[in-house]
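Undergrad: just the structure for this:
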Amino acid sequence: MSATPVPLARKLRVALVLPLLLVATVATTAAAQADRDRPLPVSELQVGSEVVATTGLRLSAIGTPDDGSGRLFVVDKGGRILVFHPDTGTVDPQPLLDLTSRVSTAGNERGLLGVAPSPDFDRTHTLFVSYTALGTGVENGALTVSRFVLDSAAQAVVDPATEERVLRQQHNLNGNHNGGDLMFGPDGYLYWSTGDGGSADDPLYGAQNLSTLLGKIVRIDVMRGCDGHLYCIPKDNPFARSLIARPEIWAWGLRNPWRFSIDAQSDSIWIGDVGQNRWEEINHVSIDKGDLPRDGWNFGWSCREGTDLHRVPESAGEAPDPFLDIRCNPRADYTDPVFSYGLSGNDRCAVMGGVVYRGEEFEDVADGIYVAADYCTGQAFAIQEQRRGGHVANDAVGMLPPRITSFGTDDEGEVYFVTDAVAPGAGEIHRLTFAAAAGS
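TA: Have a look, this model is predicted:
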């Protein structure tokens with residue numbers, strides 16, 4: 001039997017439709033792939049963790065050398081820099097650096113507080129640390145940034161006698177609010193956070209005082225020296241040419257910026273500022289010099305806590321505050337936090353500033369998402385910056401161990417955090433994990 005001939009018009013229709021179907025299929029597949037590659041909304045995100053090492057020490061910070069070694073430098077608040085190997089989950093028995101004889105640990109908040117390996121560490125092999133100094137008089141508790149030039153990036157033990165003190169700020173009146181985080185930005189400059197001088201209500205008026213480094217983010221060029229100092233002032237610092245303000249100041253109006261992080265991909269800084277008794281806050285601003293206000297970023301403390309007016313005493317309510325005019329400048333342009341949480345009616349106590357996830361393992365669900373936690377409860381929260389500059393936050397993405405003190409990343413962008421040994425903490429190193437929340 002012979003086949004029925006297909007009309008020419010139908011053949012043409014089929015010939016036209018098949019490519020269209022193919023294009024539509026490819027487009028649908030590409031769209032589905034794009035959806036899978038796009039990070040989840042923070043409302044659909046869940047975080048968890050796994051213990052990778054236990055030390056029993058008061059761990060306080062993480063630094064990452066960019067020398068390809070895969071190591072992490074973990075800070076023991078008592079005064080030592082430990083070397084942790086994520087691939088084996090082991091900590092070297094010998095500290096990289098031991099400064100216990102020079103570090104004051106009096107009170108709860110003093111100690112060795114930060115570590116920052118220099119950029120291109122394999123070539124520059126210089127280590128920077130921040131700590132509260134052991135001493136008497138004005139030397140007692142002085143906020144100190146020091147550097148150590150190693151013989152090579154692989155040097156196993158650094159001699160404390162090679163210390164060079166780069167910068168110090170007097171902090172002898174109170175033991176709390178030391179800040180102390182250190183990190184290099186993509187501009188090659190060192191950023192350093194300092195607390196307001198301690199006690200409560202900023203009695204030294206340090207945060208709004210431009211003649212002191214208290215309550216600030218400092219930005220200096222530490223890879224060279226100028227005018228007899230072991231650092232230079234970047235020309236685009238807001239007060240680089242000021243006759244009354246410290247030229248090292250980059251941002252101000254902070255209470256205790258214990259942990260901050262710089263996201264090189266978005267050219268921005270995230271600052272966790274520990275509040276007094278009402279609000280914990282996260283600030284997020286650009287580090288691009290074209291975005292920097294003329295007088296630098298001013299985050300408002302001690303005029304404001306969060307976005308609220310900070311009255312002394314708080315019980316005064318709307319009554320006149322005799323010191324409000326000293327702490328508040330009616331002409332100031334304060335920068336609001338992008339996220340804050342209250343302390344009333346819950347067990348939360350202090351924000352532990354986190355990092356932005358830029359790794360590969362969880363890229364499909366968490367790329368570009370900032371994660372931090374509360375010190376007392378371990379409650380994690382996540383913030384996602386939107387394309388137009390807004391922020392969406394979720395303060396219920398999961399519970400992490402209590403007593404988290406610092407977050408950091410390895411050289412591949414995977415996130416780690418450390419905990420304090422103060423009960424119920426255990427002085428552990430954890431690796432952060434991400435997943436879609438149940439039902440998402």
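Undergrad: for the stretch 151-300 of the chain, what spans make up the strands?
TA: 164-169, 182-184, 190-193, 216-220, 249-252, 259-263, 268-273, 279-286, 297-298 (DSSP state E, counting those that start in this stretch).
Undergrad: quick one: which of the ones you listed is nearest Asn209?
TA: strand 249-252 (8.5 Å; Cβ to Cβ). Where you see a C-beta, it was placed from the backbone N, CA and C, and this is true even at glycine.
Undergrad: kindly export the closest one (C-alpha atoms) in CSV.
TA: Coordinates of each C-alpha in strand 249-252 appear next as CSV, following Å, rounded to 0.1, in the frame of the first residue of the first chain:
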residue,chain,number,x,y,z
ILE,A,249,39.4,57.7,61.0
TRP,A,250,37.3,56.2,58.3
ALA,A,251,34.0,55.7,60.1
TRP,A,252,32.7,56.7,63.6
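Undergrad: strands paired with that strand, and their directions?
TA: Its sheet considered, strand 249-252 pairs with strand 216-220 (antiparallel), strand 297-298 (parallel) by DSSP bridges.
Undergrad: show residues contacting it.
TA: Contacts of strand 249-252 with the rest of the structure, by Cβ atoms under 8 Å, 6 or more residues apart in numbering, involve 191, 207-208, 210, 213, 215-219, 237-239, 271, 285, 292, 296-299.
Undergrad: next: stretch 223-240.
TA: For stretch 223-240, contacts defined as Cβ under 8 Å, 6+ apart pick out 118-119, 124, 126, 147, 164-167, 187-190, 210, 219-222, 245-250, 289, 292-296.
Undergrad: can you list the weak-confidence ranges in the stretch 51-200 of the chain?
TA: Applying pLDDT under 70 to the stretch 51-200 of the chain flags no residue at all.
Undergrad: for the residue nearest to Ala154 when sequence neighbours are not counted, phi and psi?
TA: Nearest residue to Ala154 in three dimensions, chain neighbours excluded: Ser69, at 7.6 Å (Cβ to Cβ, 6 or more residues apart in numbering). Main-chain dihedrals, Ser69, degrees, to the nearest 10: phi -80, psi -20.
Undergrad: list the buried residues in the helix or strand where Ala435 lies.
TA: Element membership of Ala435 [criterion: DSSP states H and E] is strand 428-436. For strand 428-436, a neighbour-count test (16 or more other Cβ atoms under 10 Å) marks 428-435 as buried.
Undergrad: pLDDT at Asn329, what is it?
TA: You'll see Asn329 listed with a pLDDT of 89.
Undergrad: just give me the neighbour total for it.
TA: 14 (other Cβ atoms under 10 Å).
Undergrad: repeat for Phe417
TA: So Phe417, with other Cβ under 10 Å, has 26 neighbours.
Undergrad: gap between it and Asp236?
TA: 33 Å (Cβ to Cβ, to the nearest Å).
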